[in-house]
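Asks: when you get a sec, could you give me coordinates for this:
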Amino acid sequence: MFEEFNIRQKDKYCLLFILIFSVILVGYYINFNNSIGVYCSDVYVYLLNALYYTGINLRSTSTIYLSPVICRLTSIFFYFGFVNKQAIYIVTGAFAIFGNLGLYLLFKRYFNEILSLAGTIIYCSLTLYLTWLANGTLDIPAVSMIIWIVLFSLMAIDDNPKYYQHAILFLVLGIFTRYTILLVVPALILYYVYKKGFRIDRKELKYILRGIAIGLILAAIIMIPVIIMGNGQFDAGSQISSGMIGAQGTQSDPAYTEDTGYYIANLPNFISNSHTVIDGNPTLDNPTPLAWGIIGILILGMCLWIYDNKQKPQKKDIIALVFFILAIVSFTRVSSVITTILVLIGIYFMGRDSKNKNEYFMLAWIFSNIIFYSYFTIKVNRYFLPAFPAIVYFILLSIETINNHVKINKNIIPIILIALFIIQAFAFTYTFEETNKFKAIEEIADYIIVNHPDYENIKIGVYNVRAYNWWLGENLLPIKSSDTGIIDSSNATYYISNKAINLTNYTMIKNIDTIYLYEKSV
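Replies: Okay, here's the model as predicted:
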């Protein structure tokens, strides 16, 4: 396989460097995230799902369908007695390392060793990436799976059809890591049509069918236990369909926004920012000069690239323009599927007779993601991560193009960027505003456990059952902090609130940051 990956001695050094850098980086961020606490409540769902795989069900029946791959791997640590949130940090961190290695191999198909190394370091040192690195969320593991799906798909289409089996295997595992990895499939179909047309020859069909058969067996192995544990429920389908139609979120959600240009407007912050606040969702503010430098390289390089590849307008360009106009008209008015199809048809006509099919494929990769997520009124910055491997591709293409126009050492820009992004990778943690908000959840739970060793046999009221099911077990009463009457009339020994409240039958005995612990006084 090394030969088909076209790995030479220099590549081995680069891969070793990426491996060492990635391991150190992941370890650094596991320690950092452990000190902050779990700041994305979804992580508690995955931890509880992992616990359910060991036989302990704490309100996980309706959520067990979420990321079976990550949760099952995390449960292995639990089986061996390491029942700790760090287990899922380790699992998601390992996926990040795996993805970084794959990204180098993907870039190496298009660029030399130093540019491929620079692209990989840029990608895994983006502030958006670092915000979600090794913290138990699914986005970086999902992107890692996408990278390998794309890599094996390109190898299958361009080099050897046997790699369809690998691509389909990773596609199935990727779907059960995070369902939205399917967004890369339309771009891959476009690439196939570019290269092979609309027909599948017998040799390719053999490997595709074999891959589908293996994939279906693997899917059944994953799904059957999940369906049984979910009492016959498997809500992934409704989750995906909601995304396709752009289901609206509530204005009370901290990530609610009707700004359809959210992801584009925040692109500089996603590259490099100097101020990070965790409040509901991490917010990245104040782009650094490094961010604007990358944007500048991207704009200059792509302008030069367009100039180098200019061609006379053709009839097919009019057809492409019509589809792009229809896509703009349909945007946020119909569904993300319709808009995406219209854009991809336009890209197809633009690139059908072009020698730059790789660039059109990467463009389709970006648009498939940005259109889908822009339909939501709930916009979380991590949703945009799957588009970044393709965005970094264009950054590398820009650097390569600039090098072709400017008489300088071709390694200067990549080496400078490698150094700057490595510094950013470890300095980024200092941009976070200090907060005990998320660690307070753990400390309040620890306080109850220490001061009431029989805590598993009493009722504890909580404002957020997700977090405290993990820390305190199943004897919880979910009651909103605003429902003071219900709290006062409950039989809970303790009530945990995320704000100060006035209660008649309870006395506040502990306060850590924004978390308040009340004990029944009557």
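Asks: contacts and neighbour counts: CA atoms only from here.
Replies: OK.
Asks: quick check on the spatially most central residue of the chain: phi, psi?
Replies: In the chain, the residue lying closest to the centroid (Cα atoms, centre = their mean) is Asp139, at 1.7 Å. When read as degrees, to the nearest 10, the backbone of Asp139 gives phi -70, psi -50.
Asks: quick one: the helices in the stretch 151-300 of the chain?
Replies: 163-175, 185-196, 202-229, 236-244, 262-265, 267-271, 289-308 (DSSP state H, counting those that start in this stretch).
Asks: please tell me how far Leu385 sits from Ile501.
Replies: Distance, Leu385 to Ile501, using Cα to Cα, to the nearest Å: 39 Å.
Asks: actually Ile441, not the one I typed
Replies: For Ile441, the distance to Ile501 (Cα to Cα) stands at 17 Å.
Asks: over to Val380?
Replies: Counting by Cα to Cα - Val380 and Ile501 are separated by 30 Å.
Asks: neighbour count winner among the two?
Replies: Taking other Cα atoms under 10 Å, Val380 and Ile501 do not tie; Val380 has more neighbours (18 against 13).
Asks: isn't that one right up against Asn281?
Replies: Yes - contact criterion Cα atoms under 8 Å: Val380 and Asn281 qualify, at 7.3 Å.
Asks: and Phe170, what is it in contact with?
Replies: Counting by Cα atoms under 8 Å, 6 or more residues apart in numbering, Phe170 makes contact with 145, 148-149.
Asks: do that again at 7 Å, thanks
Replies: 145, 149 (Cα atoms under 7 Å, 6 or more residues apart in numbering).
Asks: same question for Thr514.
Replies: 437, 498-499 are the contacts of Thr514 under Cα under 7 Å, 6+ apart.
Asks: kindly report the same for Gly301.
Replies: Contact analysis of Gly301 by Cα under 7 Å, 6+ apart lists 398-399, 401-402.
Asks: any chance of those residues in TSV, with neighbour count and pLDDT too?
Replies: Shown next, in TSV, are the contacts of Gly301 (neighbours: other Cα atoms under 10 Å; pLDDT from 0 to 100):
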residue	neighbour count	pLDDT
Ser398	23	97
Ile399	22	97
Thr401	20	96
Ile402	22	96
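Asks: looking at the helices of the stretch 151-300 of the chain, which one has the lowest mean pLDDT?
Replies: Here the helices of the stretch 151-300 of the chain differ in mean pLDDT, and the lowest is helix 236-244 at a mean of 60.
Asks: strands of this protein, residue ranges please.
Replies: Ranges of strands in the chain, per DSSP state E, are 273-279, 281-287, 460-462, 476-478, 494-497, 506-512, 515-520.
Asks: I'd like these written out as JSON lines, with mean pLDDT, mean neighbour count and distance to Ala213 added.
Replies: Shown next, in JSON lines, are those (pLDDT from 0 to 100; neighbours: other Cα atoms under 10 Å; distance: least, Cα to Cα, whole Å):
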{"stretch": "strand 273-279", "mean pLDDT": "92", "mean neighbour count": "18", "distance to Ala213": "44"}
{"stretch": "strand 281-287", "mean pLDDT": "92", "mean neighbour count": "18", "distance to Ala213": "40"}
{"stretch": "strand 460-462", "mean pLDDT": "96", "mean neighbour count": "25", "distance to Ala213": "47"}
{"stretch": "strand 476-478", "mean pLDDT": "94", "mean neighbour count": "19", "distance to Ala213": "44"}
{"stretch": "strand 494-497", "mean pLDDT": "96", "mean neighbour count": "26", "distance to Ala213": "50"}
{"stretch": "strand 506-512", "mean pLDDT": "94", "mean neighbour count": "16", "distance to Ala213": "54"}
{"stretch": "strand 515-520", "mean pLDDT": "95", "mean neighbour count": "21", "distance to Ala213": "51"}
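Asks: let me have the ones you listed in a markdown table, extended by distance to Gly27.
Replies: Listed next are those as a markdown table, based on distance: least, Cα to Cα, whole Å:
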| stretch | distance to Gly27 |
| --- | --- |
| strand 273-279 | 20 |
| strand 281-287 | 20 |
| strand 460-462 | 33 |
| strand 476-478 | 34 |
| strand 494-497 | 32 |
| strand 506-512 | 28 |
| strand 515-520 | 29 |
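Asks: which of the ones you listed sits closest to Thr332?
Replies: With Cα to Cα as the measure, strand 281-287 is the member of the strands of the chain nearest Thr332 (23.9 Å).
Asks: ok so, going back, looking at the strands of the chain, which is nearest to Leu267?
Replies: Of all the strands of the chain, the one in closest proximity to Leu267, counting by Cα to Cα, is strand 281-287 (9.1 Å).
Asks: next, the angle from the closest one to strand 273-279.
Replies: 160 degrees (axes from the mean of the first three to the mean of the last three Cα atoms, to 10 degrees).
Asks: quick one: list the elements packing against strand 281-287.
Replies: helix 267-271, strand 273-279 (3 or more Cα pairs under 7 Å, 6 or more residues apart in numbering; DSSP states H and E).
Asks: got JSON lines for the helices of the stretch 151-300 of the chain, with distance to Arg109 too?
Replies: Below are those laid out as JSON lines (distance: least, Cα to Cα, whole Å):
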{"stretch": "helix 163-175", "distance to Arg109": "15"}
{"stretch": "helix 185-196", "distance to Arg109": "15"}
{"stretch": "helix 202-229", "distance to Arg109": "21"}
{"stretch": "helix 236-244", "distance to Arg109": "32"}
{"stretch": "helix 262-265", "distance to Arg109": "28"}
{"stretch": "helix 267-271", "distance to Arg109": "24"}
{"stretch": "helix 289-308", "distance to Arg109": "19"}
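Asks: closest one to Ser521 among the ones you listed?
Replies: helix 202-229 (39.8 Å).
Asks: quick one: buried residues of the closest one?
Replies: Across helix 202-229, burial judged by 16 or more other Cα atoms under 10 Å covers 204, 206-208, 210-212, 214-215, 219, 222-223, 225-227, 229.
Asks: Met302 and Ile399 touch, don't they?
Replies: No - using Cα atoms under 7 Å, Met302 is not in contact with Ile399, being 9.1 Å away.
Asks: before we move on, back to that, which two of the buried residues of helix 202-229 have the greatest separation?
Replies: Pairwise distances across the buried residues of helix 202-229 (Cα to Cα) peak at 37.5 Å, for the pair Glu204 and Met229.
Asks: just to revisit the earlier point, of the helices of the stretch 151-300 of the chain, which is nearest Phe82?
Replies: Among the helices of the stretch 151-300 of the chain, the nearest to Phe82 by Cα to Cα is helix 202-229 (22.5 Å).
Asks: skipping adjacent residues, who's closest to Gly211 in space?
Replies: Gln165 (4.0 Å; Cα to Cα, 6 or more residues apart in numbering).
Asks: cool, Val26 as well?
Replies: Gly93 (5.6 Å).
Asks: spit out the contact partners of the one you found.
Replies: 26, 133-134 are the contacts of Gly93 under Cα under 7 Å, 6+ apart.
Asks: that one and Phe421, how far apart?
Replies: For Gly93 relative to Phe421 (Cα to Cα), the value is 19 Å.
Asks: over to Asn464?
Replies: Computed as Cα to Cα, the Asn464 to Phe421 distance reads 38 Å.
Asks: and for the closest residue to Asp11 other than its chain neighbours, the neighbour number?
Replies: Of all residues not flanking Asp11 in the chain, Glu113 sits nearest, at 6.3 Å (Cα to Cα, 6+ apart). Neighbour count of Glu113, defined by other Cα under 10 Å: 22.
Asks: hang on, isn't Glu113 packed against Lys12?
Replies: No - look at Glu113 against Lys12 with Cα under 7 Å: they stay out of range, at 9.9 Å.
Asks: what residues does stretch 345-357 touch?
Replies: Contact with stretch 345-357 is made by 190, 194, 316-317, 320-321, 323-324, 360, as judged by Cα under 7 Å, 6+ apart.
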